[in-house]
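A.B. asks: Can you look at this prediction? I've put the sequence above it.
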Amino acid sequence: MTKFSFTRTAQDGRARTGVIETARGAIRTPAFMPVGTAATVKAMLPGSVRETGADILLGNTYHLMLRPTAERIERLGGLHKFMNWERPVLTDSGGFQVMSLAALRKLTEKGVTFKSHIDGSKHEITPERSMEIQRMLGSDIVMCFDECPALPASRARISESMQLSMRWAARSKEAFGDRPGHALFGIQQGGLEEDLRAESAAALREIGFDGYAVGGLAVGEGQEAMFGCLDFAAGQLPEDRPRYLMGVGKPDDIVGTVARGIDMMDCVLPSRSGRTGQAFTRRGVLNIKNARHADDPRPLDERCGCPACRQYSRAYLHHVFRSQEIIASMLMTWHNLHYYQDLMAGMRDAISANRFAAFEADFHAARAEGDIEPL
Ligand SMILES: [Zn+2]
């Protein structure tokens, strides 16, 4: 079985490109992971997601443990088989969504108890249980169970929470055990505080992980604060392991985080926005609902190679969106995922060619132009 590994092939400034090898295939970095919350990337077939250029998907432990349950997925042969995606899957630990979705949460040293947002049933996630669920799902990249306070929070609260997460990281590692071909990532916490981030990074390095995530960002602190934190936080994590920024983000967030040394990210934005009529293009964001598109025979983006752009006009997309046809969600999601993967490929090429700064400048210049003029 292929061992999990990460090879950096080029670095330009702090931006890195390389390859993560897993038993289920290679992941080119920087990598954007589409989110398959309930064992599906909404409105997309797995083969179509792959065609956009995605090497890996993210699955949500919290959702899957509640419905259809990890036990059922394991009985049916694991998440890859269940959802017909044979390539790598990363699962989150469930912690973040317990905090954001579940009712009647109770946090103790042992873990978190909560009530399901679906049917009110009572559940518990501990570091040990999170590792068990992610093993039953068959996840290739498993995340430590952690706790993340909503910002803003007091420094004392952030410090306490980070220290609890580090104790949980040690328990996660112990429970994960030795699973060749599978990786366990630690999660750095510490809010926006440089010394707490450093303390967290040191604790994680001491335990030792296959990769490291920057947790607790992209939770409403704003881009400037997030970039400011990444300016020190990313560099505190080992250089020779993948660095993952969880839950990011908009295209300009992604470019800025890659510039700061991040290798992996995930976000529901391209798929969720597609379903609400927003399209990301080189020239920014457009809303297909707007009347200006009703007679426009041009594609969303003439340079995009996705089926929505090659085979359909803005006028058609506008019509099916207004008519609430399912194909609107399919085409808009496909386009957005394709755009995100093109963006990642462009960054990988630019880093390899040592021209990432020029890529960034072109990226911002094209967006500053805004959408094409109405006809
Ligand atoms: Zn397109």
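C.D. replies: Ah, there it is. Numbers count the residues shown, from 1 in each chain.

A.B. asks: Quick check: Leu164 is in a strand.
C.D. replies: No. Applying DSSP: H, G, I helix; E, B strand; the rest coil, one finds Leu164 to be helix, outside a strand.

A.B. asks: Show me what the most centrally placed residue in the chain bridges to in the sheet.
C.D. replies: With distances taken as CA atoms, centre = their mean, Asp266 lies nearest the centre of the chain, 1.2 Å away. Counting by DSSP bridges, Asp266 forms beta bridges with Met33.

A.B. asks: Now do the contacts for it.
C.D. replies: 32-35, 58, 90, 246-248 (CB atoms under 8 Å, 6 or more residues apart in numbering). Placement of C-beta: from N, CA and C, glycine included.

A.B. asks: Disregarding residues adjacent in the polypeptide, which is nearest to Leu204?
C.D. replies: Nearest non-adjacent residue to Leu204, counting by CB to CB, 6 or more residues apart in numbering: Gly186, 3.9 Å away.

A.B. asks: The one you found contacts Ile207, correct?
C.D. replies: Yes. Gly186 is within contact range of Ile207, at 6.5 Å (criterion: CB atoms under 8 Å).

A.B. asks: Tell me where the stretch 101-250 of the chain has strands.
C.D. replies: 103-107, 112-115, 122-125, 141-143, 183-188, 211-214, 243-245 (DSSP state E, counting those that start in this stretch).

A.B. asks: got the buried residues for the helix or strand just after the last one?
C.D. replies: So the one you mean is strand 243-245. Using DSSP states H and E, the helix or strand that follows strand 243-245 in sequence is helix 251-259. For helix 251-259, burial by neighbour count (16 or more other CB atoms under 10 Å) applies to 251, 253-259.

A.B. asks: can you redo those residues as a markdown table with distance to the ion and pLDDT?
C.D. replies: As requested, the buried residues of helix 251-259 are arranged in a markdown table below (distance: CB to the ion, whole Å; pLDDT from 0 to 100):
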| residue | distance to the ion | pLDDT |
| --- | --- | --- |
| Pro251 | 14 | 98 |
| Asp253 | 20 | 98 |
| Ile254 | 17 | 98 |
| Val255 | 19 | 98 |
| Gly256 | 23 | 98 |
| Thr257 | 23 | 98 |
| Val258 | 21 | 98 |
| Ala259 | 25 | 98 |
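
A.B. asks: ends of stretch 251-267, how far apart?
C.D. replies: 10 Å (CA to CA, to the nearest Å).

A.B. asks: Kindly report the same for stretch 291-301.
C.D. replies: Counting by CA to CA, you get 18 Å between the two ends of stretch 291-301.

A.B. asks: For that stretch, list every residue counted as buried.
C.D. replies: 293, 296, 299-301.

A.B. asks: got a markdown table for the residues you listed, with secondary structure and pLDDT too?
C.D. replies: Output for those, formatted as a markdown table (DSSP: H, G, I helix; E, B strand; the rest coil; pLDDT from 0 to 100):
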| residue | secondary structure | pLDDT |
| --- | --- | --- |
| His293 | helix | 98 |
| Asp296 | coil | 98 |
| Pro299 | coil | 98 |
| Leu300 | coil | 98 |
| Asp301 | coil | 98 |
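
A.B. asks: Among those residues, find me the one that's closest to Ala279.
C.D. replies: Leu300 (5.0 Å; CB to CB).

A.B. asks: these two touch, right, that closest one and His335?
C.D. replies: Yes. Using CB under 8 Å, Leu300 is in contact with His335, at 5.7 Å.

A.B. asks: Return every residue with contacts to both of the two.
C.D. replies: Common neighbours of Leu300 and His335 (CB under 8 Å, 6+ apart) are 279, 308-309.

A.B. asks: tell me the contacts of the closest residue to Gly120 other than its chain neighbours?
C.D. replies: Nearest non-adjacent residue to Gly120, counting by CB to CB, 6+ apart: Ala103, 7.4 Å away. With contact taken as CB under 8 Å, 6+ apart, Ala103 is in contact with 114-115, 117, 120.

A.B. asks: Kindly report the same for Arg67.
C.D. replies: By CB under 8 Å, 6+ apart, the contact set of Arg67 is 38, 118.

A.B. asks: 26 is where my numbering starts, stick with that
C.D. replies: Will do, 26 is the new start, and the previous item becomes Arg92.

A.B. asks: For the single nearest residue of the stretch 76-225 of the chain relative to the ion, give me the pLDDT.
C.D. replies: Closest residue of the stretch 76-225 of the chain to the ion, CB to the ion: Thr77 (9.5 Å). With respect to pLDDT, Thr77 scores 98.

A.B. asks: Likewise for the one 5 residues further on?
C.D. replies: Listed pLDDT for Leu82 reads 98.

A.B. asks: Local confidence estimate at the closest residue to it other than its chain neighbours?
C.D. replies: With sequence-adjacent residues excluded and distances taken as CB to CB, 6+ apart, Leu82 is closest to Gly61, at 4.6 Å. For Gly61, the model assigns a pLDDT of 96.

A.B. asks: The ion versus Gly61, what's the distance?
C.D. replies: Gly61 is 21 Å from the ion, where distance means CB to the ion, to the nearest Å.

A.B. asks: now do Gly253
C.D. replies: Separation of Gly253 from the ion (CB to the ion): 33 Å.

A.B. asks: Give me the distance from the helix or strand hosting Ser298 to the chain's centre.
C.D. replies: Element membership for Ser298, per DSSP H and E: helix 294-300. Offset of helix 294-300 from its chain centre (CA atoms, centre = their mean, to the nearest Å): 13 Å.

A.B. asks: Neighbouring strands - and their directions - for whatever helix or strand comes next after it?
C.D. replies: Next along the chain after helix 294-300, taking DSSP H and E as the criterion, comes strand 303-306. Here strand 303-306 has these sheet partners by DSSP bridges: strand 309-312 (antiparallel).
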